[in-house]
Structures are given as structure tokens and as C-alpha cells.
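J.: could you look at this predicted model? Sequence included:
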Amino acid sequence: MVTCYLRYVIDPYKVDDFEKYAKMWIPLVNKFGGTHHGYFLPYEGANNIALALFSFPSLSDYEEYRKKIKSDPDCQEAFAHAEKSRCIISFERSFMRPVF
């Protein structure tokens, strides 16, 4: 199993837009065979950092997901929302191996 850790720098005045984006992606990751563990929005402390965690059975499954989302209409809608609202300033993606 591989878990994708996404750290976003978001516009603190557009948290609602980012939350809408997040809610769009959770079912999409699940639709393509992943398990979404949720988004984590600013609450106390930094007001411009958000996180997301989701897992796939393997890195090759994640890579297949990345191919499929390029042509999926619902994924394109989520990408368009982020671009139009400009709620995401930047992001970093890392892959981790969970320990249970």
C-alpha cells in the first residue's frame, strides 16, 4: 500500500472554495480504486495550510489513477473549479508507506 500525502498552500480567503474542491475529489479517488482518508482544513494555527491523505494498493495503481483522471469529466470539473477559484496557491505531493 502507498499513501499519497498532499500539503496545500491555499488562499485563506477562499477556504470555502477549497472545501468544495476537496468534497469533489473524495468520491473520485474512491471511484478509481483508492481509499480517501479525508482533507484537513485550517482550524487553529496557520490559516493557509490544508492536507489530504489517500491510499492505493500500489504505486502502479496510483499511476493508473493519474492516467484515468485526465479524461474523466468529473475530475476535469474539479480541476476547473480549482483553476477558476484560484483557491490553491501551491501543493507538494509525497508518497508514504503506512504502518498499522
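T.: On my side now, so go ahead.
J.: which SSE is the most centrally placed residue in the chain in?
T.: In the chain, the centroid-proximal residue (C-alpha atoms, centre = their mean) is residue 52; its distance is 5.3 Å. Secondary structure assignment for residue 52, by DSSP states H and E: strand 49-56.
J.: mind giving me the packing neighbours of that strand?
T.: Using 3 or more C-beta pairs under 8 Å, 6 or more residues apart in numbering; DSSP states H and E as the contact test, the elements touching strand 49-56 are strand 2-10, helix 15-31, strand 35-40. Using the backbone N, CA and C atoms, a C-beta is placed for each residue, glycine as well.
J.: any buried residues in it, and which?
T.: Within strand 49-56, the residues that count as buried by 16 or more other C-beta atoms under 10 Å are 50, 52-56.
J.: quick check, distance from it to the centre of its chain.
T.: 6 Å (C-alpha atoms, centre = their mean, to the nearest Å).
J.: keeping just the C-alphas, turn it into CSV.
T.: Listed next in CSV are the C-alpha coordinates belonging to strand 49-56 (Å, rounded to 0.1, in the frame of the first residue of the first chain):
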residue,chain,number,x,y,z
ILE,A,49,-2.3,25.1,5.0
ALA,A,50,-4.5,22.2,4.1
LEU,A,51,-3.7,18.5,3.9
ALA,A,52,-5.1,15.4,2.1
LEU,A,53,-4.3,11.7,2.5
PHE,A,54,-5.4,8.9,0.3
SER,A,55,-4.1,5.4,-0.4
PHE,A,56,-3.8,3.0,-3.3
